[in-house]
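Peer 1: Fold the following for me, if possible:
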Amino acid sequence: KAIGIISGAKSTDTFVQTLNDEDEFKRFVATVALGQIGDRKASPALVEILHQSHSKILGHTYLDIVGESINSLGLIKDENVIEDLINLAMTGHYTDSVVKAIRNIGGSKGINLLIQLMKHEDDEIRILAIDLLSTLNLETSSPPMREASSEECIEAFIQSLEDTNHVVVNTAIHALGNVR
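Peer 2: Below is the predicted model:
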C-alpha cells in the first residue's frame, strides 16, 4: 500500500521502465506498484504483459506477472483495456482474474463486448463469452449496473437458446438460471 502513496508521473514512468528489467522479481514488484499507483498511463505497458508468458518460480516464490498485471489493470480502472482482457480470457486462461478486473473497472463496455462475442462463428468463443458474461453478471456488485446489464444479458442468453450447438444452448440455459 505504501507504493500507492508514491504517485505521480515520475514514479509511474520508473515502474513502467522496470517492467522491461531482466530481473523477474523487479518486474513483478513493478506490476504490483503500478496497480497501487493507479495511473492510466501504465495501462499500455501492463496490457503488453498480457501477451507474454512471465510466470516463474524463484526460490520458493511463484511469480505470476500476467496475473498480477490483470489485477493491476483492474485497480487502474481503465475501460480501454477491457477488450484486451476479454481476448486473454477467450484463450481459456485467467478467466477468473479477468472477470474480477472487468468488475473492478465497471461500465458496460465489457458486457457489450461479451454480448458481441456470443455471436462469434467459433462455438468455443460463444461458450466462453456466455460463461464470462454469466459470471460477470453474478459478481457485479453495483445495483444500477446489475439492473441495466441483467436485461441485456437475459436477452443475449435467450438468443443463444436458438444456437445450433447444443453445448452453447446448455451453457445459455445454465446462465439464465444464474441471472440475478
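
Peer 1: what secondary structure does residue 121 sit in?
Peer 2: Residue 121 carries the three-state label coil when classified by DSSP: H, G, I helix; E, B strand; the rest coil.

Peer 1: For it, give me the pLDDT.
Peer 2: Note for residue 121: predicted pLDDT of 90.

Peer 1: Work out for me the element the residue nearest to the spatial centre of the chain sits within.
Peer 2: With distances taken as Cα atoms, centre = their mean, the residue of the chain nearest its centroid is residue 98 (2.5 Å). According to DSSP states H and E, residue 98 maps onto helix 95-105.

Peer 1: then that helix to CSV, C-alphas only?
Peer 2: Extracted C-alpha coordinates of helix 95-105, given in CSV (Å, rounded to 0.1, in the frame of the first residue of the first chain):
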residue,chain,number,x,y,z
THR,A,95,-10.8,-16.2,-16.8
ASP,A,96,-11.4,-15.6,-13.0
SER,A,97,-8.9,-12.8,-12.8
VAL,A,98,-10.3,-11.2,-16.0
VAL,A,99,-13.8,-11.2,-14.5
LYS,A,100,-12.6,-9.6,-11.3
ALA,A,101,-10.7,-7.0,-13.3
ILE,A,102,-13.7,-6.1,-15.5
ARG,A,103,-15.9,-6.0,-12.4
ASN,A,104,-13.5,-3.5,-10.8
ILE,A,105,-13.3,-1.4,-13.9
